[in-house]
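Peer 1: my questions are about this predicted structure, shown below with the sequence.
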Amino acid sequence: MLEKAKQLVAPSLRSDVPPFIVMDVMAAAARIEADGGRVIHMEVGQPAASAPATALAAARAALSGSYLGYTEALGIPSLRQRIARHYGEQYGLALDPARVVVTTGSSGGFILAFLALFEAGDRVALANPGYPPYRHILSALGCEPVLIATSAETRWAMTAEALLVEHRRKPLKGVMIASPANPTGTMMDASALRVLIEAAEAEGIRVISDEIYHGLDYAFPAETAVKLSSNVTVVNSFSKYFCMTGWRVGWLVVPETLVRPIERLQQNLAISVPTLSQIAAEAAFDGREEMETVKHGYEENRRILLEGLPKVGLDRFLPVDGAFYLYADVSRFTQDSLDFAKRMLEQAGVAATPGLDFDPLHGKEFLRFSYAGSADDMREAVARIGDWLERE
């Protein structure tokens with residue numbers, strides 16, 4: 001009887017996905033802080049700044065005067081129109097608001113896009129290293145994530161050649177692109193992006209472009225994939241540039257043929273995105289001047305790390321083109337980035353994410369540092385890491 005009861009509550013195989021290690025690091029840091037310690041947080045990709053004042057004011061007004069009921073499944077029409085207008089302002093693209101879908105952060109966007117584009121068993125290519133929930137969500141949905149190796153020779157970005165080699169080995173149904181990328185911060189220019197998209201579409205491979213870090217570009221301006229093809233699906237969010245992680249609101253830009261299928265999925269999976277978050281998100285676009293000031297802060301943090309870390313021994317990292325990440329090679333110190341990150345947290349009070357979170361093949365040799373905090377924290381982090389490495 002007891003054995004039968006255990007079987008009734010046994011978790012499904014599809015739920016057996018790896019943990020998102022950065023959240024475990026965040027929890028360990030919180031325990032140190034609860035005991036009175038001070039931790040410099042460089043583990044989680046979360047802006048230290050608040051949402052734009054315009055967004056906060058709109059939310060306060062809505063709380064005091066509006067009935068916050070369900071919205072349309074695709075999102076508040078005025079927000080969808082404002083997002084479409086953003087593509088004209090930012091990229092010079094006339095975008096039909098009907099192709100915009102408001103989602104519960106980019107995470108909700110990935111789920112909707114994967115369900116609408118792929119069947120169970122479909123193979124989807126991902127750059128390695130890459131954002132772990134790509135492969136974890138795909139696996140939970142019954143798809144097969146396929147890691148495509150990147151290297152210094154390709155500036156740590158997927159190439160059309162590598163994609164086609166894998167496709168000819170065994171057919172792919174989709175490919176995920178990210179520029180700027182997490183965890184590397186590297187970017188693809190418009191030409192490289194176009195070549196990859198055209199190569200994929202010529203083979204019938206569906207393209208999804210994660211553009212959550214657009215706006216946070218330093219080496220050169222980011223280009224949206226939707227400007228290069230009307231067949232791509234773009235995922236974006238208010239979490240990073242607009243500093244609205246906890247509001248959980250993002251968007252998709254999808255081909256016209258996917259609008260109704262995604263609407264049906266959203267109706268059933270979520271009904272609609274939180275109304276208050278949508279109201280705040282629409283107003284966030286009016287706070288771009290404030291957000292540009294925040295971006296300049298990231299640029300200063302980036303400079304502090306690029307100049308400071310080599311002086312203390314961390315002198316090998318990938319191109320830091322955009323986002324707010326520095327992906328550092330720590331192989332001269334360790335072949336176990338998980339243990340290295342654990343000791344650095346406990347002994348130096350600096351939290352960073354082991355590369356194993358992003359790269360199951362070579363991540364044991366890398367750490368990801370987020371520089372979304374304050375300049376003072378970045379300076380202190382460099383000093384703490386230097387002192388700790390000297391003691392090692």
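Peer 2: Cool, the structure landed. Residues are numbered from 1 along each chain as shown.
Peer 1: tally of neighbours for the residue nearest to Ala381 when sequence neighbours are not counted?
Peer 2: Computed as CB to CB, 6 or more residues apart in numbering, the closest residue to Ala381 that is not its neighbour in sequence is Ile40, at 4.7 Å. Using the backbone N, CA and C atoms, a C-beta is placed for each residue, glycine as well. For Ile40, the neighbour count with other CB atoms under 10 Å is 23.
Peer 1: surely Ile40 meets Met344?
Peer 2: No - judged on CB atoms under 8 Å, Ile40 makes no contact with Met344 at a distance of 10.3 Å.
Peer 1: between those two, what contacts are shared?
Peer 2: 350-351 (CB atoms under 8 Å, 6 or more residues apart in numbering).
Peer 1: can you list the domains in the chain?
Peer 2: Domain assignment for the chain, taken from automatic domain parsing, gives 2-50+289-391, 67-286.
Peer 1: can you give the distance of the first one from its chain's centre?
Peer 2: Going by CA atoms, centre = their mean, to the nearest Å, the spacing between the C-alpha centre of domain 2-50+289-391 and its chain's C-alpha centre is 14 Å.
Peer 1: what is the mean pLDDT for that domain?
Peer 2: Domain 2-50+289-391 shows a mean pLDDT of 91.
Peer 1: next: the last one.
Peer 2: Per-residue pLDDT over domain 67-286 has a mean of 97.
Peer 1: tell me the span between the first and last residue of that domain.
Peer 2: 23 Å (CA to CA, to the nearest Å).
Peer 1: please apply the same query to stretch 306-317.
Peer 2: Across stretch 306-317, the terminal residues are separated by 9 Å (CA to CA).
Peer 1: buried residues, that stretch. List them.
Peer 2: By neighbour count on 16 or more other CB atoms under 10 Å, the buried set for stretch 306-317 is 308-309, 312, 314, 317.
Peer 1: how close does Pro133 get to Gly174?
Peer 2: 15 Å (CB to CB, to the nearest Å).
Peer 1: ignore the last one, Leu265
Peer 2: Distance from Leu265 to Gly174, by CB to CB: 17 Å.
Peer 1: please apply the same query to Gly386.
Peer 2: Per CB to CB, Gly386 is found 43 Å from Gly174.
Peer 1: these two: which is more packed in?
Peer 2: For Gly386 versus Gly174, neighbours defined as other CB under 10 Å are more numerous around Gly174 (23 against 16).
Peer 1: test my guess that that one contacts Ala116.
Peer 2: No - judged on CB under 8 Å, Gly174 makes no contact with Ala116 at a distance of 11.0 Å.
Peer 1: coming back round to it: deepest in the core, which of the domains of the chain is it.
Peer 2: Comparing the domains of the chain by mean neighbour count (mean count of other CB atoms under 10 Å), domain 67-286 ranks first with a mean of 20.
Peer 1: mind checking how far it is from the chain centre?
Peer 2: Distance, centroid of domain 67-286 to centroid of chain: 10 Å (CA atoms, centre = their mean).
Peer 1: contacting residues for the nearest residue to Ala284 once chain neighbours are set aside?
Peer 2: Using CB to CB, 6+ apart and skipping the chain neighbours, the partner closest in space to Ala284 is Ala55 (4.2 Å). Neighbour list for Ala55: 242, 244, 247, 280-281, 283-284, 287 [criterion: CB under 8 Å, 6+ apart].
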